[in-house]
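**Q** task: produce atomic coordinates for the following.
(chains A, B, C and D)
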There are 2 protein chains.
Amino acid sequence: MSEIICTVDVVLLTLLDNRLHVALLKRDHAPFAGVLALPGGYIHAEQDADTRDAAMRTLREKTGIASPYLEQLATFAGPGRDPRGWSISVAYYALVPSALIDRAAHPEVALIAVDELKGLPFDHRQIVDAALQRVRNKSSYSSLPVHLCGDTFTLPQLQGIYETILGEAINKVSFRRKIDELDILEAVAGQMETGKAHRPAQLYRLKKHFRQHLALTDRGLNSTA
Amino acid sequence: MSEIICTVDVVLLTLLDNRLHVALLKRDHAPFAGVLALPGGYIHAEQDADTRDAAMRTLREKTGIASPYLEQLATFAGPGRDPRGWSISVAYYALVPSALIDRAAHPEVALIAVDELKGLPFDHRQIVDAALQRVRNKSSYSSLPVHLCGDTFTLPQLQGIYETILGEAINKVSFRRKIDELDILEAVAGQMETGKAHRPAQLYRLKKHFRQHLALTDRGLNSTA
DNA sequence: ACAATAGTGTCTCTTAGACAATATCGA
DNA sequence: TCGATATTGTCTAAGAGACACTATTGT
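**A** Numbering: from 1, shown residues only, chains lettered A, B, ... in the order given. Now for the predicted structure:
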């Protein structure tokens, strides 16, 4: 039983040009050397405190991203998914603002639009699909998408992000009501998004209490589901 | 990396005396020999097609249960959870009608009320808690609890099961409206639950299409959440 | 002033829950 | 007939979406 290959894989999602993108890396070694794949790697029992830790380390080492929103997705396993043998991959998904991805320091990180993915090795396609399904589902009733925003953002911007993820238009009044009920944002005093030929929008940021790990407790953006 | 211990654990839930119970087994071997613990065991790379398969096999071998509702819960891992070393446990949860548990053939299966659990080894307490949270959460918006029923049941019985799981009373009219909308039950013609000193209730059963794997698609019992 | 988008007030429609009336059994 | 619970009809209240009006900017 100890011949099982234990790995983690991370589906790192971000927004670019108003579309969801996944971070992929060209694999250094066989199998699938040179092919774009999810950032992942072996669990290091000597140093990883758990699989989340392993996923965090992997992400840091391969993309330089420090403390993203990171949540366990599911575990994929079996004899066929990795040609080296029976393997387990504990998959995580991360949401980060694209500004946090330092592409100068890590030019090897490829950001691919999720609807243009093709030819992923292993069962990575299945893992990405599971992550997308999870994020879409969870976004419909939680504040999850705020993790794709930068420090400050306007409500129209945030609504656009929800619409991008959910793939459908949202009623403006309802959206604002829900966000208001969630009570997780605070206006940045006096600051406005400016420069456009129309009324500027109020800037908001996450309340201090929610800056980090917002994941566990949120509920209730949209009960449409 | 190959010294990692790879296991599965199953949280088998059932209803007994109107209360949720977990199936536990006295461990045969060290560590924690003789202590009640979740049914679980090593993944057998030679025979298991994936972790679900391993969980199914474990459940069959240890409790005799053949094809329960079984879904992946989460993966628990780390250096401290098992005294033998760095370990991974892919946890599943199962829901079965208590009638399916053949306690004559498997007298070693202990069914413990979930609110009376104590002294579980490893991190099994944490795993059980995660399963309960998942089941309660999912029950509030899906038909999940029907898996705890036998072949036929009445609507008042089913409502009672929901109330047991959710821990609160449900509006009768709303409950029936929702169940009706889900459109997953069919009346068993002419059959009534009988014998009580009051109007008998109509018996229902799952529509054929939903007999097995109902898990993946269901939605929308209760949007209260 | 005009175009364009932000922000808000209000109406309607859908849906969940409360209440209550009717139905059907055993005693 | 009475007590008990099943089943169904209807009213009310809460919430989501549609619509439209006001606000504020650059041109």
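**Q** chain center to whichever helix in chain A runs longest, what's the gap?
**A** Counting residues, the longest helix in chain A under DSSP state H turns out to be helix A:124-139. Centroid displacement of helix A:124-139 relative to its chain, using C-alpha atoms, centre = their mean, to the nearest Å, is 10 Å.
**Q** ok, now stretch A:150-158?
**A** Relative to the centre of its chain, stretch A:150-158 is centred 17 Å away, using C-alpha atoms, centre = their mean.
**Q** before we move on, the earlier item: in its sheet, which strands sit next to the following helix or strand past the longest helix of chain A, and in what direction?
**A** Later in the chain than helix A:124-139, the nearest helix or strand by DSSP states H and E is strand A:152-154. Each strand paired with strand A:152-154, and its direction, by DSSP bridges: strand A:202-206 (antiparallel).
**Q** in chain A, which spans are helices?
**A** A:51-63, A:124-139, A:155-166, A:172-182.
**Q** other SSEs contacting the first one?
**A** The reference is to helix A:51-63. Helix A:51-63 is packed against strand A:5-16, strand A:19-26, strand A:40-42, strand A:69-78, strand A:87-95, strand B:69-78, with contacts defined by 3 or more C-beta pairs under 8 Å, 6 or more residues apart in numbering or on different chains; DSSP states H and E. Every C-beta, even on glycine, is put in place using the N, C-alpha and C of the backbone.
**Q** okay, now A:Val11: neighbour count?
**A** Neighbour count of A:Val11, defined by other C-beta atoms under 10 Å in any protein chain shown: 26.
**Q** what does chain A put close to DNA strand C?
**A** Contact residues of chain A with respect to DNA strand C, defined by C-beta under 7 Å from any atom of the strand, are listed as A:154-156, A:172-173, A:176, A:196-202.
**Q** save those residues as CSV, and put in neighbour count too.
**A** As requested, the residues of chain A next to DNA strand C are exported to CSV (neighbours: other C-beta atoms under 10 Å in any protein chain shown):
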residue, neighbour count
A:Thr154, 17
A:Leu155, 18
A:Pro156, 13
A:Lys172, 11
A:Val173, 8
A:Arg176, 15
A:Lys196, 8
A:Ala197, 4
A:His198, 5
A:Arg199, 6
A:Pro200, 12
A:Ala201, 15
A:Gln202, 16
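**Q** could you dump those residues to TSV with pLDDT and distance to DNA strand D?
**A** What follows is the residues of chain A next to DNA strand C, written out as TSV (pLDDT from 0 to 100; distance: C-beta to the nearest atom of the strand, whole Å):
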residue	pLDDT	distance to DNA strand D
A:Thr154	96	13
A:Leu155	97	13
A:Pro156	97	12
A:Lys172	98	6
A:Val173	98	4
A:Arg176	98	10
A:Lys196	88	6
A:Ala197	91	4
A:His198	93	4
A:Arg199	95	3
A:Pro200	95	5
A:Ala201	96	10
A:Gln202	96	10
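**Q** what's the farthest-apart pair in these?
**A** Across the residues of chain A next to DNA strand C, the two members that end up farthest from each other (C-beta to C-beta) are A:Val173 and A:Ala197, 24.1 Å apart.
**Q** low pLDDT regions in chain A?
**A** Judged by pLDDT under 70, chain A has its weakly predicted residues at A:1-2, A:212-225.
**Q** now stretch A:87-96 - C-alpha only, CSV.
**A** The C-alpha trace of stretch A:87-96 is given here as CSV (Å, rounded to 0.1, in the frame of the first residue of the first chain):
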residue,chain,number,x,y,z
SER,A,87,-2.0,7.8,-7.4
ILE,A,88,-3.9,10.1,-5.2
SER,A,89,-4.2,13.8,-5.9
VAL,A,90,-5.8,16.1,-3.3
ALA,A,91,-7.1,19.0,-5.3
TYR,A,92,-7.4,22.5,-4.0
TYR,A,93,-8.7,25.6,-5.7
ALA,A,94,-7.5,29.1,-5.2
LEU,A,95,-9.0,32.5,-6.1
VAL,A,96,-6.7,35.5,-6.5
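**Q** for the closest residue to A:Thr14 other than its chain neighbours, give its distance to DNA strand C.
**A** Nearest in space to A:Thr14, with sequence neighbours left out and distances taken as C-beta to C-beta, 6 or more residues apart in numbering or on different chains, is A:Ser98 at 4.4 Å. Going from A:Ser98 to DNA strand C by C-beta to the nearest atom of the strand, to the nearest Å gives 20 Å.
**Q** before we move on, what about A:His21?
**A** Using C-beta to the nearest atom of the strand, we find A:His21 at a distance of 23 Å from DNA strand C.
**Q** again, but for A:Ser89
**A** Counting by C-beta to the nearest atom of the strand, the separation of A:Ser89 from DNA strand C is 38 Å.
**Q** count the neighbours of that residue for me.
**A** If we define neighbours as other C-beta under 10 Å, then A:Ser89 has 26 of them.
**Q** show me what contacts A:Ala77?
**A** A:Trp86, A:Ser87, A:Ile88, A:Ser89, B:Ile43, B:Asp50, B:Thr51, B:Val90 (C-beta atoms under 8 Å, 6 or more residues apart in numbering or on different chains).
**Q** can you rerun that using 10 Å?
**A** Remark: with contacts taken as C-beta atoms under 10 Å, 6 or more residues apart in numbering or on different chains, A:Ala77 is in contact with A:4-7, A:86-90, A:123, B:6, B:8, B:43, B:45, B:48-54, B:75, B:88, B:90.
**Q** need the buried ones from those residues selected in ChimeraX.
**A** One line in ChimeraX is enough to select the buried members of the contacts of A:Ala77, burial here meaning 16 or more other C-beta atoms under 10 Å in any protein chain shown:
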select /A:4,5,6,7,86,87,88,89,90,123 /B:6,8,43,45,48,50,51,52,53,54,75,88,90
